[in-house]
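*Asks:* mind folding the following:
(chains A and B)
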Amino acid sequence: MPSLQPVRGTHDLLPADMRRHRAVVETARLIAERYGYQEMATPIFEFTEVFKRTLGEASDVVTKEMYTFSMKEGEQITLRPENTASVVRALLSGGLAQQLPLKYFYAGPMFRHERPQKGRQRQFHQIGVELLGVPHATGDVEIIAAGAHILEELGLLSDTVLEINTLGDPASRQAYRVALVDYFTAHQEDLSEDSRDRLTRNPLRILDSKDRGDRALVANAPAFGDYLNAESEDFFGQVLAGLDRLGIAYQLNARLVRGLDYYSHTAFEFITERLGAQGTVMGGGRYDGLVELMGGPSTPGVGWAAGIERMAMLLAEDPPGPRPISVIPIGQAAEETAQSIARDLRHAGFTVDLGFSGNVKKRLQRANKQDAVAAVLLGDDELAQAMATVRDLTSGDQSQISLDALTEALAQYR
RNA sequence: GUGGCUGUAGCUCAGUUGGUUAGAGCAUCGGUUUGUGGUACCGAGGGUCGGGGGUUCAAGUCCCCUCAGCCACCCCA
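*Replies:* All right, here's what the predicted structure looks like:
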């Protein structure tokens, strides 16, 4: 038994953290539903193949970040490092490709074995949306609009910048990739060690390098624009026009690429400067080849995922917890009455705190700590007349209320 | 995975050039005469000084290892 520390990179969500977490998920769900994205969930583990195939054998996520286990039966299963592959697998498992287009929202834990930092944990949580079966730029625009709307509703839109780029269709991308590899291979000696490695695994990533030497090389590297075919360029133009029409601000970033293999065309990220190196709050793009890659019919897709912890950290205020009404019995006889009154109030829709022990003072102190709105005091004097003393804990005013009229009298505290 | 910084009560921190029973504020608990909270006053409990090893007559203070957090790289949400 190592210790009582939580496993590295994992965190408990105690009530205060949980409220932030929930605020993010609940507003996201609400807004997503307004756009017609319905919540669904997939298992948190899948056959390893599901991720290997889709994320790319050479991707960092697959090569060094997955939690993979061998089962007795000889199966390899992996804790999901992201959710898009699972959603597509669910689409195929369920024969849902017949009902396109499909619009999904999800929220849940993901697992990646990385070195933890602020905003980067080994178990973290994402929300995300996926739009399947829509080849038009309108789909990309809707997805981004929904994302922006969620950030706006959370009060975070002004903290972020939307960066956008196109990775082109597979033909354009392949042609560009070849040109890039040629160029960087010719300058291999000047590349950073990391980038030399990227040259074979994911050459586009070199564009994104922070190494100064690399940046100098990148400045003179072939530009993607020269390799984009007319269709790809036109498609990107439509996406941007759509964003303009909706008044969604963006910045073009030609160096924005994605680490996962399945992306094509639109790639975007909502980035903040408030989280240090982990600045990506929401990221996504188009993945037209993914369904086919998994053995399904050729089906276009667009989506994004966003880090719940990252958004929760950006939230300006602590979401308030529920403010209960404290029911406080005085004396043994009142104890039993208190229980049934608490039951009635709870059934009537009130949040009720009924302490388990202590004298009046104790219980009032507890009520105060719970941030209770009011206290209902039940003692022999009151019960003899079928009354209760209701004390407003903000003002300190109290009055005698007949038990029959209790729910009405408390209505203001609901 | 690489490099760096940090680690003292639940929390935020102070601990002099290594030297007796390790301190403060907040929080917690108890009390200020018992059917009334939030303010005030009084008092109490609580620390394997992240863990392990070493140097020394003596280590929270020095050295090594290890764990964790943080920062940057990397990666990504």
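
*Asks:* could you point out the longest helix in chain A?
*Replies:* Identified as the longest helix of chain A according to DSSP state H is helix A:15-34.

*Asks:* buried set for it?
*Replies:* Buried residues in helix A:15-34, counting neighbours by 16 or more other CB atoms under 10 Å, are found at A:Arg19, A:Arg20, A:His21, A:Arg22, A:Ala23, A:Val24, A:Val25, A:Thr27, A:Ala28, A:Arg29, A:Ile31, A:Ala32. From N, CA and C alone the C-beta is placed, and that goes for glycine too.

*Asks:* so after the helix or strand of chain A with the lowest mean pLDDT, what's the next helix or strand?
*Replies:* Across the helices and strands of chain A, the lowest-confidence element by mean pLDDT, DSSP states H and E is helix A:60, at a mean of 81. Where DSSP states H and E defines the elements, the next helix or strand beyond helix A:60 is strand A:67-70.

*Asks:* nearest spatial neighbour of A:Asp344, chain-adjacent residues omitted?
*Replies:* Closest residue in space to A:Asp344, ignoring its immediate chain neighbours: A:Thr407 at 7.4 Å, by CB to CB, 6 or more residues apart in numbering.

*Asks:* what packs against the host helix or strand of that neighbour?
*Replies:* A:Thr407 belongs to helix A:406-410 when assigned by DSSP H and E. In this structure, helix A:406-410 makes packing contacts with helix A:332-347, strand A:374-378, strand A:387-392, judged by 3 or more CB pairs under 8 Å, 6 or more residues apart in numbering; DSSP states H and E.

*Asks:* give the buried residues for it.
*Replies:* Under 16+ other CB under 10 Å, the buried positions of helix A:406-410 are A:Leu406, A:Thr407, A:Ala409, A:Leu410.

*Asks:* among these, which two are most distant?
*Replies:* A:Thr407 and A:Ala409 (7.4 Å; CB to CB).

*Asks:* how about A:Gly103, secondary structure?
*Replies:* Actually, residue A:103 is Lys. It isn't Gly. For A:Lys103, the assignment made with DSSP: H, G, I helix; E, B strand; the rest coil gives strand.

*Asks:* leaving out the residues flanking it, which one is nearest to it?
*Replies:* Using CB to CB, 6+ apart and skipping residues adjacent in sequence, the residue nearest A:Lys103 is A:Tyr37, 4.4 Å away.

*Asks:* what count of nearby residues applies to that neighbour?
*Replies:* Other residues near A:Tyr37 come to 24 when the count uses other CB atoms under 10 Å.

*Asks:* where in chain A is pLDDT low?
*Replies:* A:1-3, A:259 (pLDDT under 70).

*Asks:* list the buried ones in stretch A:225-239?
*Replies:* So for stretch A:225-239, counting by 16+ other CB under 10 Å, buried means A:Tyr227, A:Leu228, A:Ser232, A:Phe235, A:Phe236, A:Val239.

*Asks:* got the CA positions of the helix or strand hosting the last one in PDB?
*Replies:* Translated: A:Val239. Element membership for A:Val239 (DSSP H and E) is helix A:230-245. Taking Å, rounded to 0.1, in the frame of the first residue of the first chain, the C-alpha atoms of helix A:230-245 are listed here in PDB:
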ATOM      1  CA  ALA A 230      -9.600  24.700 -54.800                       C
ATOM      2  CA  GLU A 231     -12.300  22.500 -53.100                       C
ATOM      3  CA  SER A 232     -10.500  22.700 -49.700                       C
ATOM      4  CA  GLU A 233      -9.900  26.400 -50.100                       C
ATOM      5  CA  ASP A 234     -13.500  27.000 -51.000                       C
ATOM      6  CA  PHE A 235     -14.700  24.900 -48.000                       C
ATOM      7  CA  PHE A 236     -12.600  26.900 -45.600                       C
ATOM      8  CA  GLY A 237     -13.900  30.100 -47.100                       C
ATOM      9  CA  GLN A 238     -17.400  29.000 -46.400                       C
ATOM     10  CA  VAL A 239     -16.700  28.200 -42.800                       C
ATOM     11  CA  LEU A 240     -15.100  31.600 -42.300                       C
ATOM     12  CA  ALA A 241     -18.000  33.400 -44.000                       C
ATOM     13  CA  GLY A 242     -20.400  31.500 -41.800                       C
ATOM     14  CA  LEU A 243     -18.600  32.600 -38.700                       C
ATOM     15  CA  ASP A 244     -18.600  36.200 -40.000                       C
ATOM     16  CA  ARG A 245     -22.300  36.000 -40.500                       C
END
